[in-house]
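Chemist: Provide a 3D model corresponding to the input given below.
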Amino acid sequence: MGNCYTVGPNEALVVSGGCCGSDQKTYTVGGWAWAWWLLTDIQKITLEIMTLQPKCEDVETAEGVALTVTGVAQVKVMTDKELLSLACEQFLGKSVMEIKGVVLQTLEGHLRSILGTLTVEQIYQDRDQFASLVREVAAPDVGRMGIEILSFTIKDVYDKVDYLSSLGKTQTAAVQRDADIGVAEAERDAGIREAECKKEMMDVKFLADTKMADSKRELEMQKASFNQEVNAKKAEAQLAYELQAAKEQQKIRLEEIEIEVVQRKKQITIEEKEIVRTDKELIATVKRPAEAEAYKMQQLAEGQKVKKVLTAQAEAEKIRRIGEAEAASIEAVGKAEAEKMRMKAEAYQQYGEAAKTALVLEALPKIAGKVAAPLARTNEIVILSGEGSRVTGEVNRLLAELPVSVNALTGVDLSKIPLLQKMTNAQA
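Modeler: The predicted structure is shown next:
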């Protein structure tokens with residue numbers, strides 16, 4: 001007894017084992033197969049495309065530049081019976097991820113080895129050639145595993161030292177330079193061709209203009225010949241017409257002169273009357289108002305003159321009277337002062353030395369005030385003395401010297417005054 005097994009077009013069915021220890025294997029793709037119970041083994045292997053992304057990081061090229069290259073590979077198990085048997089021997093019983101891992105490591109190894117033999121320019125500028133080389137080198141190895149490389153492309157190439165960026169800038173600058181040179185050459189060729197076309201156009205135009213000028217000159221010469229004859233006849237007719245017209249014009253002018261003489265006489269008469277009228281109008285409108293204005297100004301000037309004279313006289317009278325009043329006042333004050341002085345003199349003469357002493361005593365406070373004025377700004381006076389009665393002695397000494405100083409200044413002897421004699425004796 002057994003079972004019937006089927007697989008789709010994306011899988012392969014492997015039937016192994018059999019009766020009497022047979023080692024025959026049957027491979028079925030997209031079909032069915034019979035398997036005996038307990039005698040045969042049924043296994044499947046996928047035939048679907050597997051996408052791999054081999055990546056080699058920091059692999060040094062032939063020039064020693066470290067590059068990182070990422071590729072994309074499409075692989076699958078081959079359906080040829082012999083190759084399928086090889087794939088089954090290698091991968092039967094393994095998962096798809098395990099199959100991918102084996103093939104991926106193989107591809108990365110070949111990719112790394114090929115990178116070490118190429119320059120950066122060969123890798124970067126001709127990626128298709130680089131991918132084809134990797135596919136050719138790796139195909140035999142993966143083929144021995146029953147795997148077919150359907151496609152292999154380079155996805156990305158980059159480095160960490162900006163070598164490719166610098167290379168791109170150099171290439172960009174070269175392309176830009178070639179483009180500028182091409183534009184300049186194209187513009188130069190266009191300018192040369194344009195100049196040649198303009199030259200040809202100018203040559204053709206010059207020939208056409210020359211022929212036109214010749215034709216025009218001949219036409220003008222013929223016109224001039226015809227016009228000469230016509231103008232001669234016209235001139236004769238014109239002279240005759242002008243002569244007759246001059247005669248008629250002379251007659252008309254004589255009549256116009258007579259008319260102008262009559263008109264001039266009438267104009268002179270009108271102008272004489274206008275002069276008389278204008279004269280009268282000026283007398284009425286200019287002369288009379290001017291005379292009235294002059295009379296008015298004269299009268300106003302006379303009034304101002306009289307006003308100023310009267311004002312000046314009043315001011316002088318005022319000043320004179322104020323002067324007289326001030327003089328009288330000064331005279332009265334002088335007389336009073338003189339009388340006062342006379343009475344003082346009589347009193348001083350009558351009292352003699354007593355009057356002089358009174359004057360000196362009256363003046364002493366004022367003198368003392370002037371002498372002590374600087375001391376008014378002094379807050380405190382300290383007299384240094386070792387003895388307690390020293391201050392009193394100093395004050396008494398000053399009072400004793402006061403009559404001598406006054407006598408020296410005024411000639412009055414204060415020591416003869418009874419009050420001062422008592423004070424002096426008491427101090428003694």
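Chemist: could you pull out the helices for the stretch 101-250 of the chain?
Modeler: Under the criterion DSSP state H, counting those that start in this stretch, the stretch 101-250 of the chain contains helices at 120-125, 127-143, 163-282.
Chemist: weakest of these in terms of mean pLDDT?
Modeler: Ranked on mean pLDDT, the bottom entry among these is helix 120-125, at a mean of 72.
Chemist: what's that helix packed up against?
Modeler: strand 66-77, helix 127-143, strand 147-158, helix 163-282 (3 or more Cβ pairs under 8 Å, 6 or more residues apart in numbering; DSSP states H and E). Placement of C-beta: from N, CA and C, glycine included.
Chemist: Please spell out which residues along that helix are buried.
Modeler: Under the neighbour-count criterion of 16 or more other Cβ atoms under 10 Å, helix 120-125 has 120, 123, 124 buried.
Chemist: got the CA positions of that helix in PDB?
Modeler: This file holds the C-alpha atoms of helix 120-125, laid out as PDB (Å, rounded to 0.1, in the frame of the first residue of the first chain):
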ATOM      1  CA  VAL A 120      37.900  52.200  -8.200                       C
ATOM      2  CA  GLU A 121      37.200  53.600 -11.700                       C
ATOM      3  CA  GLN A 122      36.600  50.100 -13.200                       C
ATOM      4  CA  ILE A 123      34.200  49.300 -10.400                       C
ATOM      5  CA  TYR A 124      32.300  52.600 -10.300                       C
ATOM      6  CA  GLN A 125      32.200  53.500 -14.000                       C
END
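Chemist: now the helices and strands packed on helix 120-125 as JSON lines including distance to residue 83 and mean neighbour count?
Modeler: Below are those laid out as JSON lines (distance: least, Cβ to Cβ, whole Å; neighbours: other Cβ atoms under 10 Å):
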{"stretch": "strand 66-77", "distance to residue 83": "8", "mean neighbour count": "20"}
{"stretch": "helix 127-143", "distance to residue 83": "7", "mean neighbour count": "16"}
{"stretch": "strand 147-158", "distance to residue 83": "8", "mean neighbour count": "17"}
{"stretch": "helix 163-282", "distance to residue 83": "39", "mean neighbour count": "10"}
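Chemist: Which among those is found nearest to residue 336?
Modeler: Taking Cβ to Cβ, helix 163-282 is the member of the helices and strands packed on helix 120-125 nearest to residue 336, at 78.7 Å.
Chemist: How far away from the center of its chain is the closest one?
Modeler: Averaging C-alpha positions (Cα atoms, centre = their mean, to the nearest Å) puts helix 163-282 53 Å from its chain's average.
Chemist: burial of residue 62, as a residue count?
Modeler: Neighbourhood size, residue 62 [other Cβ atoms under 10 Å]: 13.
Chemist: Compute the first-to-last residue distance for stretch 54-70.
Modeler: Stretch 54-70 has an end-to-end distance of 6 Å (criterion: Cα to Cα, to the nearest Å).
Chemist: now that stretch: how far from the chain's centre is it?
Modeler: Centroid separation between stretch 54-70 and its chain, computed with Cα atoms, centre = their mean, is 52 Å.
Chemist: follow-up on the earlier one: among the helices of the stretch 101-250 of the chain, which is nearest residue 66?
Modeler: Proximity to residue 66 (Cβ to Cβ) singles out helix 163-282 among the helices of the stretch 101-250 of the chain, at 8.7 Å.
Chemist: Can you tell me which helices and strands the closest one packs against?
Modeler: Counting contacts by 3+ Cβ pairs under 8 Å, 6+ apart, helix 163-282 packs against helix 120-125.
Chemist: Within the helices and strands, which one has residue 26?
Modeler: Assigned by DSSP states H and E, residue 26 belongs to strand 25-29.
Chemist: what's the angle from that strand to strand 66-77?
Modeler: Between strand 25-29 and strand 66-77, the angle comes out at 100 degrees (axes from the mean of the first three to the mean of the last three Cα atoms, to 10 degrees).
Chemist: any idea of the mean pLDDT for strand 25-29?
Modeler: The model assigns strand 25-29 a mean pLDDT of 71.
Chemist: Output it in CSV with nothing but the alpha carbons.
Modeler: Extracted in CSV, the C-alpha atoms of strand 25-29 (Å, rounded to 0.1, in the frame of the first residue of the first chain):
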residue,chain,number,x,y,z
LYS,A,25,15.7,8.2,-6.8
THR,A,26,12.8,9.7,-8.7
TYR,A,27,12.6,13.5,-9.3
THR,A,28,9.3,15.0,-10.2
VAL,A,29,8.8,18.7,-11.1
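Chemist: pretty sure residue 56 is in a helix, no?
Modeler: No - if the criterion is DSSP: H, G, I helix; E, B strand; the rest coil, then residue 56 is strand and not within a helix.
Chemist: and the gap between the residue lying closest to it once chain neighbours are set aside and residue 62?
Modeler: Closest residue to residue 56 apart from its sequence neighbours, by Cβ to Cβ, 6 or more residues apart in numbering: residue 112 at 4.8 Å. For residue 112, the distance to residue 62 equals 13 Å [Cβ to Cβ, to the nearest Å].
Chemist: Nearest to residue 105, out of the helices and strands packed on helix 120-125?
Modeler: Within these, the stretch nearest residue 105 is helix 127-143; the backing value is 10.7 Å (Cβ to Cβ).
Chemist: between that closest one and strand 66-77, how many degrees?
Modeler: Using the same axes, to 10 degrees: helix 127-143 against strand 66-77 is 50 degrees.
Chemist: Let's see the pLDDT reported for the residue nearest to residue 56.
Modeler: We have a pLDDT of 82 for residue 112.
Chemist: again with residue 416
Modeler: Per-residue pLDDT puts residue 416 at 62.
Chemist: what's the answer for the one 5 residues further on, then?
Modeler: The confidence metric pLDDT takes the value 58 at residue 421.
Chemist: Over to residue 36?
Modeler: On pLDDT, residue 36 comes in at 63.
Chemist: hang on, the earlier thing: reformat the buried residues of helix 120-125 as JSON lines; add distance to residue 90.
Modeler: Listed next are the buried residues of helix 120-125 as JSON lines, based on distance: Cβ to Cβ, whole Å:
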{"residue": "120", "distance to residue 90": "36"}
{"residue": "123", "distance to residue 90": "31"}
{"residue": "124", "distance to residue 90": "35"}
